[in-house]
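Colleague: dropping the sequence and predicted coords here.
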Amino acid sequence: MARVKLATVWLGGCSGCHMSFLDLDEWLFDLAAQVDFVYSPFMDVKAYPEGVDVVLVEGAIANEDHLDMIHKVRARSRLLISFGDCAVTGNVTALRNPLGSEESVLYRSYIEAVDLHGQVPQAPGIVPPLLKRVTPVHAVVPVDIYLPGCPPPADRIRAVLEPLLIGETPHLEGQQIKFG
Amino acid sequence: MFFIVDKWVVVMAQRIVIDPVTRIEGHAKITIYLDDTGQVTDARFHVTEFRGFEKFCEGRPLWEMPGITSRICGICPVSHLLASAKAGDRILAVTIPPAAVRLRRLMNLAQIIQSHALSFFYLSAPDLLLGMDSDPQTRNVFGLMAAAPELARGGIRLRQFGQEIIERLGGRKIHPSWAVPGGVREPLSEEGRTRICDRIPEARTTALNALGQFKQLLQTHEREAQTFGNFPSLFMGLVTPDGLWEHYDGFLRFVDSAGNIVSDRLDPTRYQDFIGEAVESDSYLKSPYYRPLGYPDQSDHCRLDSGIYRVGPLARLNICTQIGTPLADQELREFRDRGNGTVTSSFFYHYARLIEILAAIEKIEQTMDDPDLLSTRLRADAGINQLEGIGVSEAPRGTLFHHYRVDENGLMQKVNLVIATGQNNLAMNRTVAQIARHFIHGSDIPEGMLNRVEAGIRAFDPCLSCSTHAAGQMPLHVQLVSAEGTLLNETWRD
């Protein structure tokens, strides 16, 4: 069997899921022996590559950059895992949704709570506009596997990755499917 | 539409966008502007993520705030947990039990270790050990694991040491809901203390080895040390009432690049008297400045007496008289010798970070014999006794402020968060411009030179999830733009 091409992507979230991935600690040596890491915030690859086997997507879809990225990720990956509660439900990133639109959060941070140059950042092509509503990943593209937790603890991440490395489908149950 | 104000379109010019900046904790881009002769005119650092905690926390109970605001950041959730709980202590108007203070301090020290270990071993060591110009495909922690497995393993285990202390106290490594207004929820067990003690010698050895290796690297990175954000600025952080290194309490101090104390014994809860916040249109990251000296506008970025200040490890080592532990103080003396007193090069953030890891390990060791450490009296119970509270602590990246106003039922009315990384925003912008001017000449730019611009940002270890209370993805993108703003040429590189 060919080595699994593994990617990790960070969208609208706190990076706690990626930190939990690093909590795999020394098992990362075993993982690195079995997969090719092809894209991740921990790496200097700037473009999401073609032909990714497995991708862990952390975070919700909150701005236009996320939207572009998730379509690219879906098109170029065989198996997409919603990685953590923000990707699965929107979670904390989506707490702004009941406010109706992105305007009030921007106004509060960049106009009200400011001493100088109050303005909403909007340099075209540089600062991506926020979406009106934050959504989980599966509201935008199909998702193959859900890995819940805020963040999912390292043993749960391992429980999903290990079967994938030998070509099997992971199955989480009991405590492993808890949110929060 | 392009107007004359856009310098880079007035003359035939190029704009280079590094997107995304990688191996940092967040989402960001860098733009480098070149004139028609290929000389760098400016460079800007942009943060592209925003989530809006200051607004959507309004109306929520005070008691939820530590749990919610720790979700601002998965790298330093403990900082938000503690600043939030401290703001809550004020609103309850209580003095928390001594054991709760000890344990909160212990958790904060553990976080400094794990977060600094992440920055050094996982994110920046690939630049420093494999080389700024090494193959970008392997210039990462996995490449480091292959090329220098023992160093990588030591770094992984050092981060694990910090994470395990957090887990032993709070029940989980990331986002523990443990500190609360009034104290903490759970004690440290005897078994937990034993386990922490057992791992201290290994952690200390790893930190000392890394310091030894870094000092050797200073010889091969002389140019980087001189040009990575090396300029005068103010430095700010907490110190003890005696002026020693501090991470959880105390007073704020500002010093200048000559080591003069600019202001001292500032009550951190009066931060609004001396810290202002500005917004730039090209970043979701705000730009705090030292209010008495004013905001440095684009035109006078080089004005030496402007309100630019730096926070975090470099600042904390510059503002304190000493650390208060033997090994770290010995390292601090050498650090100051190498940097000629007050250290102005941002490249030395790495060095400062390693010294702080050592300091945190020594301070944890000192704590282990504290008679209060295993106490179960951990929480003061009270209701809402004040309608406003400000909590301040030193996050790994610098001073963090949580400012809450509540109603009589303890529901949040106003939330203001001043985050460590934001306070380095002006300095990070100046850093990318300095590196770009030094290393980039003409439009044929080797990848390693662009990587240096990114590495300048990595030195600050910015946490962009935090800094926009939140933190792009494309290849390197170079555009050639005419005076009229027409795109003449465009190249993409992976």
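Modeller: Happy to help now that I have it.
Colleague: so what's the residue of chain A found nearest chain B up against?
Modeller: Proximity of chain A to chain B (CB to the nearest CB) peaks at A:G16, 2.4 Å away. All C-beta atoms are positioned from the backbone trio N, CA, C, and that covers glycine. A:G16 is in contact with A:84, A:150-151, B:71, B:73-75, B:77, B:174-175, counting by CB atoms under 8 Å, 6 or more residues apart in numbering or on different chains.
Colleague: redo that, cut-off 6 Å
Modeller: A:151, B:74, B:174 (CB atoms under 6 Å, 6 or more residues apart in numbering or on different chains).
Colleague: which one is it nearest to, not counting chain neighbours?
Modeller: Residue nearest to A:G16 in three dimensions, not counting chain neighbours: B:G74, with 2.4 Å by CB to CB, 6 or more residues apart in numbering or on different chains.
Colleague: pLDDT score for the one you found?
Modeller: pLDDT for B:G74: 93.
Colleague: again with the one 3 residues further on
Modeller: The score at B:P77 is 95. That number is its pLDDT.
Colleague: measure it to A:C150 for me?
Modeller: From B:P77 across to A:C150, the span is 10 Å (CB to CB, to the nearest Å).
Colleague: the more surrounded of the two?
Modeller: Neighbour count, other CB atoms under 10 Å in any protein chain shown: between B:P77 and A:C150, B:P77 has more, with 30 against 26.
Colleague: can you give me the distance of the more buried one to B:G391?
Modeller: Taken as CB to CB, the span from B:P77 to B:G391 is 15 Å.
Colleague: could you do B:D264 as well?
Modeller: B:D264 is 21 Å from B:G391, by CB to CB.
Colleague: helices and strands of chain A: which one has the lowest mean pLDDT?
Modeller: helix A:103-107 (a mean of 88; mean pLDDT, DSSP states H and E).
Colleague: what element comes up after that helix heading to the C-terminus?
Modeller: strand A:130-135 (DSSP states H and E).
Colleague: so how far is that following strand from its chain's centroid?
Modeller: 15 Å (CA atoms, centre = their mean, to the nearest Å).
Colleague: that strand pairs with which strands?
Modeller: Applying DSSP bridges, strand A:130-135 is found paired with strand A:61-63 (antiparallel).
Colleague: continuing past the partner strand, what's the next helix or strand?
Modeller: helix A:64-76.
Colleague: state the pLDDT value of B:A278.
Modeller: Reported pLDDT for B:A278: 89.
Colleague: do B:I319 as well
Modeller: Model confidence at B:I319 (pLDDT) stands at 98.
Colleague: now swap in A:A94 and tell me
Modeller: 96.
Colleague: from memory it sits against A:T135, does it?
Modeller: No: between A:A94 and A:T135 there is no contact under CB atoms under 6 Å: 7.4 Å.
Colleague: remind me which helix or strand B:R195 belongs to.
Modeller: Under the criterion of DSSP H and E, B:R195 resides in helix B:190-220.
Colleague: run through the neighbouring helices and strands of that helix.
Modeller: helix B:149-170, helix B:348-367 (3 or more CB pairs under 6 Å, 6 or more residues apart in numbering or on different chains; DSSP states H and E).
Colleague: put together CSV for those helices, with distance to chain A on each row.
Modeller: Shown next, in CSV, are the helices and strands packed on helix B:190-220 (distance: least, CB to the nearest CB, whole Å):
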stretch, distance to chain A
helix B:149-170, 5
helix B:348-367, 16
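Colleague: angle of the helix holding B:R195 against helix B:348-367?
Modeller: Relative orientation of helix B:190-220 and helix B:348-367, computed by axes from the mean of the first three to the mean of the last three CA atoms, to 10 degrees: 150 degrees.
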